[in-house]
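In: quick one, what's the 3D model for this:
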Amino acid sequence: MITGLQLAILAGGMVGLGLCLLVARLLPAEPDLADSLERVSTTRARSNERVLEGQSGKERLGLWGLRVLPPGLWARTPTRELALLRIPIAQFYGEKLTFAGLGLLIPPSLTLLFNILGLGIPLQIPALASLVLAVVMFFIPNYNAVDDARKARVEFARALGAYIDLVALERHNGIGARQAMEAAAGVGDSWVFTRLSEELTRSRWSGLPPWDALHTLATELGLPELDDFADIMRLSGEEGASVYATLRARSAAMRAAMLNDEIAQANAVGERMTIPGSLLGVIFMALLVTPSLLRMLTSA
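Out: Take a look at the predicted model:
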């Protein structure tokens, strides 16, 4: 049987959720023109039915949030990071709403558990904690996307160094610029080589030079190393310059830069490991000196 205290806790959680939705609703909204025109379209309902069939629960929740909630609620969206990780915007927004919902539910649940154990907690505490935790957890997917994208860029740079060496070997054998880039991209089976192969194939069908496609990809994903490689291949394709030595030098420079970064990270970790050892030394010296100090104080 539900007691009055349990009802008060549930009411606090509902009040917190209502306040969040009220604040989100009152924020100024800037409707997108394309989205507004799509909403009044007669074919939108049929197309949505086909799209929703292959969507997950988070994507559907994110689409609901895009339709109902104001754009200013989402704050900054890491577009480049999501494009690099190939995470749909709707799925990202759905994950943010899921985390925020969990943040609203955790404090009332813990308060209910504590009250069952006999610890009296005021109603204001879970209500305020729900709002704070919901806001904090709402931005956790942003941090995850930025951190995963940083790791993906490091992995991309490593694979790009090997790809540049393969392109240099293909060009050294007398193969054309586009053919060399496509053949080198087809060698590896990692996501980096797959992404490069897809962009090169798309540029072939669209009639664009391959270096322009890589320039666009580098700008979209924030990959300066790929942008430099595209500049080198532009010289090779448009001016017929010999780029074998340039490509080998570029890949060697990339490997040296990554090695220096790893050495710097290892040194930083080593410096942090000296802190516990120093603290242990200080504690050991304190244990040795403390008895003498106590005897001196008691004798005085």
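
In: please make it C-alpha for all contacts and neighbour counts, starting now.
Out: Will do.

In: what about the strands in the stretch 1-150 of the chain?
Out: Taking DSSP state E, counting those that start in this stretch to define them, one finds no strands in the stretch 1-150 of the chain.

In: for the stretch 201-300 of the chain, give me the ranges with low pLDDT.
Out: Applying pLDDT under 70 to the stretch 201-300 of the chain flags residues 239-241, 300.

In: for it, just list every one of the helices.
Out: Applying DSSP state H, counting those that start in this stretch to the stretch 201-300 of the chain gives helices spanning 210-221, 224-239, 244-299.

In: among these, which is the most enclosed?
Out: Of all these, helix 210-221 carries the top mean neighbour count, a mean of 19, counting by mean count of other C-alpha atoms under 10 Å.

In: give me the packing partners of that one, helices and strands only.
Out: Counting contacts by 3 or more C-alpha pairs under 8 Å, 6 or more residues apart in numbering; DSSP states H and E, helix 210-221 packs against helix 79-85, helix 191-206, helix 224-239.

In: using PDB, list the CA coordinates for that helix.
Out: The C-alpha coordinates for helix 210-221 follow below in PDB (Å, rounded to 0.1, in the frame of the first residue of the first chain):
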ATOM      1  CA  PRO A 210      38.700  12.800 -56.100                       C
ATOM      2  CA  TRP A 211      40.800  15.400 -54.200                       C
ATOM      3  CA  ASP A 212      37.800  17.800 -54.100                       C
ATOM      4  CA  ALA A 213      35.700  15.000 -52.500                       C
ATOM      5  CA  LEU A 214      38.400  14.400 -49.900                       C
ATOM      6  CA  HIS A 215      38.600  18.200 -49.300                       C
ATOM      7  CA  THR A 216      34.900  18.200 -48.600                       C
ATOM      8  CA  LEU A 217      35.200  15.200 -46.300                       C
ATOM      9  CA  ALA A 218      38.100  16.700 -44.400                       C
ATOM     10  CA  THR A 219      36.200  19.900 -43.900                       C
ATOM     11  CA  GLU A 220      33.100  18.100 -42.800                       C
ATOM     12  CA  LEU A 221      34.800  15.800 -40.300                       C
END
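
In: what angle sits between it and helix 191-206?
Out: 130 degrees (axes from the mean of the first three to the mean of the last three C-alpha atoms, to 10 degrees).

In: off-centre distance for helix 210-221?
Out: Chain-centre distance of helix 210-221: 20 Å, with C-alpha atoms, centre = their mean, to the nearest Å.

In: check what contacts it and list those residues.
Out: By C-alpha atoms under 8 Å, 6 or more residues apart in numbering, the residues outside helix 210-221 that reach it are 80-81, 83-84, 178, 196, 199-200, 203-204, 223-227, 230-231, 233-234.

In: cool, and stretch 175-194?
Out: 156, 159-160, 163, 166-167, 170-171, 196-197, 200-201, 210, 233, 236-237.

In: and for Ala152, the neighbour number?
Out: 17 (other C-alpha atoms under 10 Å).

In: okay, and it sits in which element?
Out: helix 140-172 (DSSP states H and E).

In: in a markdown table, list the helices of the stretch 201-300 of the chain along with distance to Ala184.
Out: As requested, these are arranged in a markdown table below (distance: least, C-alpha to C-alpha, whole Å):
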| stretch | distance to Ala184 |
| --- | --- |
| helix 210-221 | 13 |
| helix 224-239 | 13 |
| helix 244-299 | 13 |
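
In: perfect, I'm done here.
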